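S.K.: the sequence isn't on hand, but the structure is:
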């Protein structure tokens, strides 16, 4: 067994490298805010936050296809699902084409929005380049899921760690005088190189040829014949989920022109993203064993692995909560360059929301990997309704205390969603 194979087979090593990558992703995410809040005027920075939210919406337009292909390719790699409805190599080319069309469509919309002045910016090229760099997460996610399905988790995480180190350095170089547009352009180039290498590895491991990538008619027919049910549920769930998490950026902007509520939500969003990536790391490290146990019908082992994943996730929630209660106000002030402050009540609500989010994340990551998209859709709809209603209700109920009212309602929404997901995990473990 090679060193790479031994690394891949060790759940502890895999979890450690995934956590290291999560740390780099978090540093990059906070560095984006730390840098751009200092180089952009406040009004333009608010427009930048809306651009980030639009990027998130665009990425969500992949409708969970990367999760579907992971579930199908994983079954194929483990030796199951070999009938006519099983995975075919031509599917990869069709999915890459679809993701490319999503990026092209989002870019066209952004160019139109910039031309019409919908984004208040004096640097439209910067906004366009940053959007493209965000959209690269689509092919990167497909590369990651494809490698994971063929037992290439460790390889991807090592490559991505290197990519993150370089992009963080390029981002921080802006504060030393590097043109922001050049920084983002160089980050784009680095990402393209890493993603290209990862896809080439998948190509070799699956024994693919150029014909497989270009057989759009064959691959498209197979996708239409065997993906539609999963795509429908996955697309609806993904759209519901991404709107629920990102809609407050827009509903808050419509409810008030005060920057503080949006900064508070952005702070929560960054904390929730940090926690979700930590939880994803430990769950993904266990997914090879979870998927094997599930497809082998070993329910005892499955229950054990689910309990461990949930427990590990809650450990991260407790640690992050302790950090926020200790230095959250200082972190908020430092992150946003002292342009707003956060109080202890708001921090306590964020802590409660993070606990609920942990349960949701474990459920989504596990059930998505198992292809249970219809179940996830049903669990997401109440969260969507609560998220969309939180800002309007807060404005109607407490216009003078909008900040606290919104955060309270959003936390209540997350708590309700967490209860539904916990029941779903219980049914999965007892099935």
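M.R.: Good, I have the coordinates. Here the structure is a predicted model, which means the values were calculated and not measured.

S.K.: all helices for the stretch 151-300 of the chain, in order.
M.R.: Shown for the stretch 151-300 of the chain, the helices assigned by DSSP state H, counting those that start in this stretch span residues 153-172, 180-205, 210-214, 216-255, 259-296, 299-335.

S.K.: quick one: low-confidence parts of this protein?
M.R.: When residues are selected by pLDDT under 70, those of the chain lie in 1-2, 4-5, 8-9, 11, 60-61, 63, 80-85, 226-230, 431.

S.K.: got the domain boundaries for this protein?
M.R.: If you go by automatic domain parsing, the domain ranges for the chain are 31-214, 229-431.

S.K.: can I get the ones you listed in a markdown table with mean neighbour count?
M.R.: Placement of C-beta: from N, CA and C, glycine included. Conversion of those to a markdown table gives the following (neighbours: other C-beta atoms under 10 Å):
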| stretch | mean neighbour count |
| --- | --- |
| domain 31-214 | 18 |
| domain 229-431 | 19 |
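
S.K.: nearest to residue 14, out of these?
M.R.: domain 229-431 (4.5 Å; C-beta to C-beta).

S.K.: just to revisit the earlier point, now the domains of the chain in JSON lines, with distance to residue 13?
M.R.: Shown next, in JSON lines, are the domains of the chain (distance: least, C-beta to C-beta, whole Å):
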{"stretch": "domain 31-214", "distance to residue 13": "7"}
{"stretch": "domain 229-431", "distance to residue 13": "9"}
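
S.K.: one step back: the helices of the stretch 151-300 of the chain: which one's closest to residue 129?
M.R.: Between residue 129 and the helices of the stretch 151-300 of the chain, the tightest spacing by C-beta to C-beta is seen for helix 180-205, at 4.2 Å.

S.K.: how distant is the closest one from the center of its chain?
M.R.: 18 Å (C-alpha atoms, centre = their mean, to the nearest Å).

S.K.: how about stretch 179-191?
M.R.: With C-alpha atoms, centre = their mean, you get 21 Å for stretch 179-191.

S.K.: who's in contact with that stretch?
M.R.: 36, 39, 123, 125-126, 129-130, 132-133, 136, 140, 163, 166-167, 170-171, 173-174 (C-beta atoms under 8 Å, 6 or more residues apart in numbering).

S.K.: again, only using 7 Å
M.R.: 39, 125-126, 129-130, 132-133, 136, 140, 163, 166-167, 170-171, 173-174 (C-beta atoms under 7 Å, 6 or more residues apart in numbering).

S.K.: farthest pair in those residues?
M.R.: 39 and 140 (25.5 Å).

S.K.: so which elements touch the one helix or strand residue 108 maps to?
M.R.: Taking DSSP states H and E as the definition, residue 108 sits inside helix 90-115. Contact analysis of helix 90-115 by 3 or more C-beta pairs under 7 Å, 6 or more residues apart in numbering; DSSP states H and E lists helix 65-77, helix 124-135, helix 137-149, helix 210-214, helix 216-255 as its packing neighbours.

S.K.: tabulate these (JSON lines), appending distance to residue 349.
M.R.: Shown next, in JSON lines, are the helices and strands packed on helix 90-115 (distance: least, C-beta to C-beta, whole Å):
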{"stretch": "helix 65-77", "distance to residue 349": "30"}
{"stretch": "helix 124-135", "distance to residue 349": "28"}
{"stretch": "helix 137-149", "distance to residue 349": "29"}
{"stretch": "helix 210-214", "distance to residue 349": "48"}
{"stretch": "helix 216-255", "distance to residue 349": "14"}
